[in-house]
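> Need coordinates for the below:
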Amino acid sequence: MRSHDPLIPLEDALTAGSAVVRFLGSRSLADYEGDPMLRSAVERQLMIVGEALNRTLRAAPELVNRIPEAPEAIGFRKLLAHGYDEVVDRLVFNLAHERLPLLIDRVRAILDESDKT
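Numbers count the residues shown, from 1 in each chain. Now for the predicted structure:
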């Protein structure tokens, strides 16, 4: 069983978000849409990001409140898990390119601060 340290899920969110960035690399939207394994991998990691932020929210809301993108990531996780038939590849791709890097930066900053204390 993992510790109840609220930083652990933030580390998971950082790891999963960073994986999405690596998976996508310089791939185009057409590449993304044409590769079901890539889409599955990206969606799975985005689900982990959302769930990790949700767990942190329950344990340490003051940390998640410092991540303006968190509510969107948490809600997106619910869509991926429960509304699979409503997922639009273009939106996932754009979110991963435009919003996810901001979230990763904020999570990394929180974790870096915790390393200094």
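> how about the nearest residue to Asp12, chain neighbours excluded?
Leaving out its chain neighbours, the residue that sits closest to Asp12 by C-beta to C-beta, 6 or more residues apart in numbering is Ala52, at 4.2 Å. Where C-beta positions appear, they are placed from N, C-alpha and C, glycine not excepted.
> Test my guess that the one you found contacts Leu7.
No: counting by C-beta atoms under 8 Å, Ala52 stays clear of Leu7, with 10.6 Å between them.
> Give me the more crowded residue out of these two.
Ala52 (25 against 17; other C-beta atoms under 10 Å).
> how close does the more buried one get to Asp31?
Remark: distance between Ala52 and Asp31 (C-beta to C-beta, to the nearest Å) = 27 Å.
> Repeat that for Arg77.
Distance of Arg77 to Asp31, given as C-beta to C-beta: 24 Å.
> before we move on, what about Glu51?
Glu51 sits 27 Å away from Asp31, taking C-beta to C-beta as the criterion.
> Thr15 now?
According to C-beta to C-beta, Thr15 and Asp31 sit 23 Å apart.
> and if you look at Phe76?
On the measure of C-beta to C-beta, Phe76 and Asp31 end up 21 Å apart.
> Compare neighbour counts for these two and give me the winner.
The residue with more neighbours, out of Phe76 and Asp31, is Phe76; 22 against 13, by other C-beta under 10 Å.
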